[in-house]
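> I'd like to go over a predicted model; first the sequence, then the structure.
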Amino acid sequence: MPKKVLRLEALGAVLAIVLGSALHFVFEWGGRQKLLALIAAVNESTWEHLKLGFWPILVWTIIEFMIFGSKYKNFIFAKAVSLITFCLSVVGIFYSYTAILGRNYLVVDILTFVVSVIIGYVIGYEILSIEKDLKLKNTGILIIIFLIIMFVGFTYFPPINFLFKDPVTGGYGIVR
């Protein structure tokens, strides 16, 4: 695997962390416009925090695909797994540590986000590095499309479930 790919992956992780951190505030900064809700957190629920990493990782995936993605047989699947791994890591780490400690701590929440982005990129890079064609491109495309539909749909129509509940307001979705 060329060093350029590793550098682009590392840059993607850094950008996802920086941009994701900013996306936490964009909905409020933008006057709570519903269009911004697509990419930015609209409340403090776990689900909304997943958007903070999902969209920057997805945008960087598109950029990487234009730069080098078509040269790698497992690129799409690797990126789909990266996105899922990020989401599962956030949920797993957050609910594990809060179950153990009895509450959440902002610094640990931030570290959970950072570590989850890194885990997602590392796992994706490992799959990208596999030279054998896993023949999972279509599966990767379906996973990414499914995730996009979920993130868009659940932003405006969140299920009544603990992942979607804002612990501050007790509400779901865009709460005024």
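Received it, and whenever you're ready, just let me know what you need.
> give the residue farthest from the middle of the chain.
Distance from the C-alpha centroid of the chain peaks at K132, with 26.6 Å (Cα atoms, centre = their mean).
> could you check the pLDDT of that residue?
If you check K132, the pLDDT there is 94.
> export stretch 98-108 as PDB, just CAs?
The C-alpha coordinates for stretch 98-108 follow below in PDB (Å, rounded to 0.1, in the frame of the first residue of the first chain):
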ATOM      1  CA  THR A  98     -21.200   5.100  31.200                       C
ATOM      2  CA  ALA A  99     -22.500   1.800  32.500                       C
ATOM      3  CA  ILE A 100     -19.300   1.300  34.400                       C
ATOM      4  CA  LEU A 101     -19.000   4.800  35.800                       C
ATOM      5  CA  GLY A 102     -22.700   5.500  36.200                       C
ATOM      6  CA  ARG A 103     -22.600   8.700  34.100                       C
ATOM      7  CA  ASN A 104     -20.900  10.400  31.200                       C
ATOM      8  CA  TYR A 105     -18.000  12.800  31.300                       C
ATOM      9  CA  LEU A 106     -17.500  15.400  28.500                       C
ATOM     10  CA  VAL A 107     -13.700  14.700  28.200                       C
ATOM     11  CA  VAL A 108     -14.400  10.900  27.800                       C
END
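> may I see the buried residues of it?
By neighbour count on 16 or more other Cβ atoms under 10 Å, the buried set for stretch 98-108 is 104, 108. Where C-beta positions appear, they are placed from N, C-alpha and C, glycine not excepted.
> and what of stretch 111-122?
Result for stretch 111-122 [16+ other Cβ under 10 Å]: buried residues 112-114, 116-121.
> what pLDDT does the model give the residue nearest the centre of the chain?
Taking Cα atoms, centre = their mean, the centroid of the chain lies closest to F54, which sits 2.5 Å from it. pLDDT, F54: 98.
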